[in-house]
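Asker: no sequence on this one, just coordinates:
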Ligand SMILES: [Zn+2]
Ligand SMILES: [Zn+2]
């Protein structure tokens with residue numbers, strides 16, 4: 001067994017140990033067996049998914065299909081995309097404001113220097 005797989009297996013055992021119900025322990029154990037032997041998992045909703053398109057929760061160790069992952073993680077992909085877009089726009093606006101303030105300050109300094117150097 002590859003070293004990485006061994007490490008994963010330990011963490012799967014940890015997930016099983018930490019799971020609060022026997023049902024969850026069973027799901028995590030079964031998903032892990034399927035993942036190794038078949039490369040697929042069964043989401044708690046009953047849908048069969050290839051491992052490559054399943055989403056595992058970092059915290060509880062359960063694999064989900066896309067729809068259930070969105071529910072489990074508390075945000076749809078669409079909501080996440082919109083939130084990121086707003087975040088990016090705000091960063092751009094903040095950056096533009098900062099550049100404008102710097103330019104104003106620089107301009108002010110040039111005026112002051114000019115006033116100081118004026119002959120009368
Ligand atoms: Zn979770
Ligand atoms: Zn599902």
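Answerer: In hand now; what should we look at? Since the structure is predicted, the reported quantities are computational estimates derived from the model, not experimental observations. Numbers count the residues shown, from 1 in each chain. Ligands and ions are numbered 1, 2, ... in the order given.

Asker: quick one: the helices in the protein?
Answerer: Ranges of helices in the chain, per DSSP state H, are 3-18, 22-38, 66-73, 77-117.

Asker: tell me which residues in the shortest one are buried?
Answerer: I take that to be helix 66-73. Applying a neighbour-count criterion of 16 or more other CB atoms under 10 Å, one finds 68, 69, 70, 72 buried in helix 66-73. Yep, even glycine has a C-beta here, placed from its N, CA and C like the rest.

Asker: if I pick the first one, what's in contact with it?
Answerer: It refers to residue 68. For residue 68, the contact set (CB atoms under 8 Å, 6 or more residues apart in numbering) comprises 43, 44, 45, 47.

Asker: if we take those, which one ends up nearest to residue 28?
Answerer: residue 44 (10.2 Å; CB to CB).

Asker: and the protein, what are its domains?
Answerer: With domains defined by automatic domain parsing, the chain comprises 3-73, 75-120.

Asker: mind putting those in JSON lines, mean pLDDT and distance to ligand 2 included?
Answerer: As requested, the domains of the chain are exported to JSON lines (pLDDT from 0 to 100; distance: least, CB to the ion, whole Å):
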{"stretch": "domain 3-73", "mean pLDDT": "92", "distance to ligand 2": "3"}
{"stretch": "domain 75-120", "mean pLDDT": "92", "distance to ligand 2": "14"}
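
Asker: For ligand 1, which of the ones you listed is the nearest?
Answerer: Across those, ligand 1 has its closest neighbour in domain 3-73 (3.0 Å, CB to the ion).

Asker: Wondering if the closest one reaches ligand 1 at all.
Answerer: Yes: using CB under 5 Å from the ion, we find that domain 3-73 touches ligand 1 at 57, 59, 60.

Asker: For the second one, give me phi and psi.
Answerer: The phi and psi values for residue 59, taken as degrees, to the nearest 10, are phi -90, psi -50.

Asker: What is the burial count for it?
Answerer: 10 (other CB atoms under 10 Å).

Asker: contacting residues for it?
Answerer: Applying CB under 8 Å, 6+ apart, we find residue 59 in contact with no residue.

Asker: related to what we said a few turns ago, adding distance to residue 100, write the residues of domain 3-73 next to ligand 1 out as a markdown table.
Answerer: Converted to a markdown table, the residues of domain 3-73 next to ligand 1 look like this (distance: CB to CB, whole Å):
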| residue | distance to residue 100 |
| --- | --- |
| 57 | 44 |
| 59 | 43 |
| 60 | 47 |
